[in-house]
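Participant: Model the structure of this input:
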Amino acid sequence: MIQQHTTVFQAGRESTEHHENTMLELNSKHQVLLPLEFEAAMHQHLNDPDPTTTRTPNSLSAIISKAQHISAPRKTYALLADIVLSSSYRHGPHNDKGETNGVPSSSPLLPLPTASTLLIHIIQATRALPDYDAIRASRWIRCLVQLCLDQRRGYYGRKDTEPNDSAEQHATKVSPKSPLTTVEEIIAQAVLLARQSLQDRTTTIDATSAKRNTGDGKDGLYPAEELEWLSTTLFNLGIDFYVSPHTYLNDDSTNKNPSNLGQKNEEVETEAESQAMKWIRIAVEIADVLAEYQKEEGGDGGLLGRVLRRKVREGLGWVV
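Facilitator: Now for the predicted structure:
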């Protein structure tokens with residue numbers, strides 16, 4: 001009797017192990033196919049004249065969620081991010097009208113707000129991985145921020161929307177977001193990642209010096225040089241708004257009546273000053289995050305923040 005129970009138990013265990021091995025094998029195969037599925041869905045979404053009837057950004061996001069469900073490795077998410085970024089940019093000039101000041105502009109394929117949403121989802125998914133790579137995530141963020149800033153030149157001051165330049169409406173029927181709105185969203189994610197990485201790092205306190213020592217380098221700390229790039233880039237953006245308001249603000253609503261031009265100029269200058277203050281504040285906030293890094297982590301002891309504050313105080317008379 002005991003021998004029969006033992007035999008049944010062993011058979012059940014072998015069946016369970018076989019089932020688990022089968023599931024692992026299926027998940028492994030599915031992990032390989034996920035990037036292909038994502039790329040196919042992306043292609044169908046971008047080339048369907050009526051995307052509301054087939055693939056939508058929600059289905060692309062669902063594939064990222066599927067990757068989480070089957071515990072996909074970091075490499076899978078890296079491939080998904082590469083597809084998002086490459087789908088957001090077409091190399092070379094779109095057409096003759098796509099040139100600004102003689103410089104060929106790029107034509108976006110995937111709307112930047114959609115790319116931002118998908119990329120943030122990918123970054124959040126990879127945060128749960130034991131081998132999370134903050135360096136790679138920071139590079140994804142830099143690529144998208146730079147892409148938005150590049151597109152900004154063609155967005156502001158544009159009077160009419162060309163039939164072939166309706167990528168923003170490809171995913172939604174509402175008015176398209178400004179590229180800078182997308183920048184603001186992705187920057188908020190970068191600041192969150194940097195602050196969380198500071199909190200999550202492995203640290204020890206030296207008993208004699210009371211100084212904080214970093215761990216073994218596997219803590220996923222957001223790169224200090226990327227924070228410096230974000231801070232200086234956005235600070236320069238704020239200065240651009242301040243010194244050239246008519247260049248960086250969309251003036252579609254300007255009334256051509258000469259009697260209203262003075263009022264419109266004041267409105268543009270007021271809005272430009274507001275935008276300048278906003279981006280300078282964001283730049284200083286990022287510099288303050290960098291100031292929390294230790295020297296061995298690439299921290300500058302708050303130098304960048306002090307320099308930016310001094311320039312604003314002396315040049316513009318603002319206190320930030």
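Participant: pull the CA atoms of stretch 270-284 into CSV?
Facilitator: Only the C-alpha atoms of stretch 270-284 are listed here, as CSV (Å, rounded to 0.1, in the frame of the first residue of the first chain):
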residue,chain,number,x,y,z
THR,A,270,4.6,86.9,-21.6
GLU,A,271,4.0,83.3,-22.7
ALA,A,272,7.7,83.0,-23.8
GLU,A,273,8.8,84.2,-20.4
SER,A,274,6.5,81.7,-18.7
GLN,A,275,7.9,78.9,-20.8
ALA,A,276,11.5,80.1,-20.1
MET,A,277,10.9,80.1,-16.4
LYS,A,278,9.3,76.6,-16.5
TRP,A,279,12.2,74.9,-18.4
ILE,A,280,14.8,76.7,-16.3
ARG,A,281,13.2,75.4,-13.2
ILE,A,282,13.1,71.9,-14.5
ALA,A,283,16.8,72.2,-15.5
VAL,A,284,17.7,73.3,-12.0
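Participant: Residues in contact with that stretch: which ones?
Facilitator: Residues from elsewhere that reach stretch 270-284, judged by C-beta atoms under 8 Å, 6 or more residues apart in numbering: 184, 187, 230-235, 237-239, 241-242, 245, 248-249, 305, 308-309, 312, 316, 318, 320. Every C-beta, even on glycine, is put in place using the N, C-alpha and C of the backbone.
Participant: could you redo the last one with a cut-off of 6 Å?
Facilitator: Applying C-beta atoms under 6 Å, 6 or more residues apart in numbering, the external contacts of stretch 270-284 come out as 231, 234, 235, 237, 238, 241, 242, 245, 249, 308, 312, 320.
Participant: And for the fourth one, the neighbour number?
Facilitator: It refers to residue 237. As a burial measure, residue 237 scores 22 neighbours (other C-beta atoms under 10 Å).
Participant: ok, now how distant is it from residue 296?
Facilitator: For residue 237, the distance to residue 296 (C-beta to C-beta, to the nearest Å) stands at 30 Å.
Participant: Repeat that for the last one.
Facilitator: Distance, residue 320 to residue 296, using C-beta to C-beta: 28 Å.
Participant: repeat for the fifth one
Facilitator: Look at residue 238 and residue 296: by C-beta to C-beta, they are 31 Å apart.
Participant: Quick check on these two: which one has the bigger neighbour count.
Facilitator: More crowded of residue 238 and residue 296, by other C-beta under 10 Å: residue 238, with 25 against 9.
Participant: Quick check on that one: phi, psi?
Facilitator: Main-chain torsions, residue 238, degrees, to the nearest 10: phi -60, psi -40.
Participant: again with residue 70
Facilitator: Torsion angles, degrees, to the nearest 10, at residue 70: phi -100, psi 10.
Participant: what's around it, how many residues?
Facilitator: 15.
Participant: quick one: the strands in the stretch 101-250 of the chain?
Facilitator: When assigned using DSSP state E, counting those that start in this stretch, the strands of the stretch 101-250 of the chain occupy the ranges 103-104, 203-205, 212-214.
Participant: Output the below-cut-off pLDDT ranges for the chain.
Facilitator: Of all residues in the chain, those with pLDDT under 70 make up the ranges 1-28, 48-56, 90-108, 153-177, 202-219, 245-265, 268.
Participant: Break it down into its domains, please.
Facilitator: 23-92+106-157+174-202+213-222, 224-320 (automatic domain parsing).
Participant: how long is the last one from one end to the other?
Facilitator: Criterion C-alpha to C-alpha, to the nearest Å; first-to-last residue distance in domain 224-320 is 22 Å.
Participant: who's in contact with the spatially closest residue to residue 185 that is not a sequence neighbour?
Facilitator: In space, and not counting its chain neighbours, residue 185 is closest to residue 116: 5.5 Å by C-beta to C-beta, 6 or more residues apart in numbering. Contacts for residue 116 (C-beta under 6 Å, 6+ apart) come out as 182, 185, 186.
Participant: neighbours around the residue lying closest to residue 227 once chain neighbours are set aside, how many?
Facilitator: Leaving aside its sequence neighbours, residue 227 sits nearest to residue 290 (C-beta to C-beta, 6+ apart; 4.5 Å). Using other C-beta under 10 Å, residue 290 has 25 other residues around it.
Participant: To which secondary structure element type does residue 290 belong?
Facilitator: Secondary structure for residue 290, judged by DSSP: H, G, I helix; E, B strand; the rest coil, is helix.
Participant: Could you export the contacts of stretch 270-284 as TSV, including distance to residue 276?
Facilitator: Below are these laid out as TSV (distance: C-beta to C-beta, whole Å):
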residue	distance to residue 276
231	15
234	11
235	10
237	9
238	5
241	4
242	4
245	8
249	11
308	13
312	10
320	11
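Participant: Between those residues, which sits nearest residue 60?
Facilitator: residue 234 (28.2 Å; C-beta to C-beta).
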